[in-house]
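[1] Predicted coordinates and the sequence they were generated for:
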Amino acid sequence: MNCKYLLSICLLFNVVFASAQATTAWNNKQCAVVLTYDDAIDIDLDNVVPALDSMKFKGTFYLIGSSPVVNKRMEEWRLAAKHGHELGNHTLYHPCDGSLPGRGFVTPATDLSKYTVARAVSETRINNTLLKAIDGKDKRTFAYPCGDTKIGDSLFYNSLRNDFVAARGVSPGLESINSVDLDNVQCYAINGQNADYMIGLVKEAQKTHTMLVFLFHGVGGGHNLNVGLADHSKLLHYLQQNKNTIWVTTMVDAATYISANKNPKVSGK
């Protein structure tokens with residue numbers, strides 16, 4: 001057989017195979033969507049969990065251990081975890097770097113710039129113990145409060161890598177399975193954007209075969225960072241209508257899948 005013909009066949013096969021891999025890279029779906037909700041507020045249990053349950057979706061809730069909503073509604077958090085929702089670690093006191101511009105809300109007691117790495121690590125591990133007491137689980141993900149990753153020049157998460165399967169940041173971006181940095185997963189923080197904007201992001205993820213992580217706080221109120229309840233509902237309905245091509249999952253399941261399926265030669269890690 002002609003060598004040039006064989007080469008053409010091989011090249012065509014590689015193109016088709018690569019395309020097929022890209023379109024099914026996310027648990028045999030076009031893309032992955034992760035819905036995350038920060039700060040352990042009443043609205044999570046009042047609005048979000050019922051909405052997700054109605055669609056049979058699982059969300060990731062990043063809990064601040066000192067939040068009174070954790071203490072007062074612990075049995076509801078336990079039930080949410082029993083139904084498949086992830087309880088993630090958002091630290092014990094939500095410390096943020098008060099030395100940065102626009103951080104007037106940071107109190108002296110929760111100023112990350114005044115922390116030592118040892119204190120940050122200790123408080124985060126204490127929160128893991130609390131979360132395990134609620135849901136009984138060892139495998140967990142972390143979310144950086146305010147997206148702050150450093151104390152001085154030190155990346156404090158370096159001392160916590162073995163405690164988590166991934167850490168979610170706050171920088172926006174859509175990532176392929178081989179480009180995800182599990183030490184600082186990108187996401188889109190939602191504050192006032194409407195359903196069209198959010199659905200547009202999902203469509204882009206479908207088109208590019210990437211992972212899209214949403215970061216929510218208030219949903220229909222409850223926080224100064226908020227998304228309308230109707231807009232959130234429209235997003236969920238779009239995901240439901242396209243569930244055959246979109247993998248809606250938790251951060252811990254997405255991270256576990258990425259670790260098992262990413263190509264280290266491509267990712268360089």
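    That came through fine.
[2] Could you use CA atoms for every contact and neighbour count after this?
    Fine.
[3] residue ranges of the strands in the stretch 151-269 of the chain, please?
    All strands of the stretch 151-269 of the chain, identified by DSSP state E, counting those that start in this stretch, fall at 154-155, 166-168, 188-189, 211-216, 218-219, 226-227, 246-249.
[4] Just tell me which of these ends up closest to Ala255.
    strand 166-168 (6.1 Å; CA to CA).
[5] can you redo the strands of the stretch 151-269 of the chain as CSV with distance to Ser259?
    Listed next are these as CSV, based on distance: least, CA to CA, whole Å:
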stretch, distance to Ser259
strand 154-155, 21
strand 166-168, 10
strand 188-189, 22
strand 211-216, 14
strand 218-219, 31
strand 226-227, 31
strand 246-249, 15
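[6] out of these, nearest to Pro145?
    Closest to Pro145 of those, according to CA to CA: strand 166-168, at 9.6 Å.
[7] Please state the offset of that closest one from the chain centre?
    Relative to its parent chain, strand 166-168 has a centroid offset of 7 Å by CA atoms, centre = their mean, to the nearest Å.
[8] For that strand, name the packing helices and strands.
    When contacts are defined as 3 or more CA pairs under 8 Å, 6 or more residues apart in numbering; DSSP states H and E, strand 166-168 packs onto strand 141-143, helix 251-261.
[9] how about those in CSV, adding mean neighbour count, mean pLDDT and distance to Gly104?
    As requested, those are exported to CSV (neighbours: other CA atoms under 10 Å; pLDDT from 0 to 100; distance: least, CA to CA, whole Å):
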stretch, mean neighbour count, mean pLDDT, distance to Gly104
strand 141-143, 27, 98, 21
helix 251-261, 19, 97, 30
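[10] Reformat the ones you listed as CSV; add distance to Gln193.
    CSV is the format used below for those (distance: least, CA to CA, whole Å):
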stretch, distance to Gln193
strand 141-143, 22
helix 251-261, 22
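[11] who's in contact with whichever strand in the chain runs longest?
    The residue-count maximum for a strand in the chain (DSSP state E) belongs to strand 31-38. Contact partners of strand 31-38, identified using CA atoms under 8 Å, 6 or more residues apart in numbering, comprise 23-26, 44, 58-63, 90, 202, 205-206, 208-217, 245-251, 254.
[12] now the angle between strand 211-216 and that strand, please.
    20 degrees (axes from the mean of the first three to the mean of the last three CA atoms, to 10 degrees).
[13] Thr124 - that's part of a strand, no?
    No. Using DSSP: H, G, I helix; E, B strand; the rest coil, the assignment for Thr124 is helix, not a strand.
[14] lowest average confidence, helix or strand, in this protein?
    helix 3-23 (a mean of 46; mean pLDDT, DSSP states H and E).
[15] about what we covered before: would you mind listing the buried residues in the longest strand of the chain?
    By neighbour count on 16 or more other CA atoms under 10 Å, the buried set for strand 31-38 is Cys31, Ala32, Val33, Val34, Leu35, Thr36, Tyr37, Asp38.
[16] which one of those residues is nearest Lys234?
    When those are compared against Lys234 (criterion: CA to CA), the nearest one is Leu35, at 13.8 Å.
[17] hey, what's that closest one bridged with?
    Phe214 (DSSP bridges).
[18] Now do Gln193 against Leu45, distance only.
    22 Å (CA to CA, to the nearest Å).
[19] So the two - more neighbours on which side?
    Neighbour count, other CA atoms under 10 Å: between Gln193 and Leu45, Leu45 has more, with 17 against 14.
[20] what sits against the more buried one?
    Applying CA under 8 Å, 6+ apart, we find Leu45 in contact with Glu76, Trp77.
[21] give me phi/psi at it?
    Backbone torsions for Leu45, taken as degrees, to the nearest 10, come to phi -80, psi -30.
[22] Now do it, the pLDDT please.
    In the predicted model, Leu45 carries a pLDDT score of 98.
[23] again, but for Thr24
    Looking at Thr24, its pLDDT is 73.
[24] give me every residue that touches it.
    Gln30, Cys31.
[25] again with Asp231
    Asn194, Ala195.
[26] what about dumping the CA coordinates of the longest strand of the chain to PDB?
    Extracted in PDB, the C-alpha atoms of strand 31-38 (Å, rounded to 0.1, in the frame of the first residue of the first chain):
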ATOM      1  CA  CYS A  31     -17.900  19.700  29.600                       C
ATOM      2  CA  ALA A  32     -18.100  19.800  33.400                       C
ATOM      3  CA  VAL A  33     -20.000  22.400  35.500                       C
ATOM      4  CA  VAL A  34     -19.300  22.700  39.200                       C
ATOM      5  CA  LEU A  35     -21.700  24.800  41.300                       C
ATOM      6  CA  THR A  36     -20.000  26.100  44.500                       C
ATOM      7  CA  TYR A  37     -21.500  28.200  47.300                       C
ATOM      8  CA  ASP A  38     -19.400  30.000  49.900                       C
END
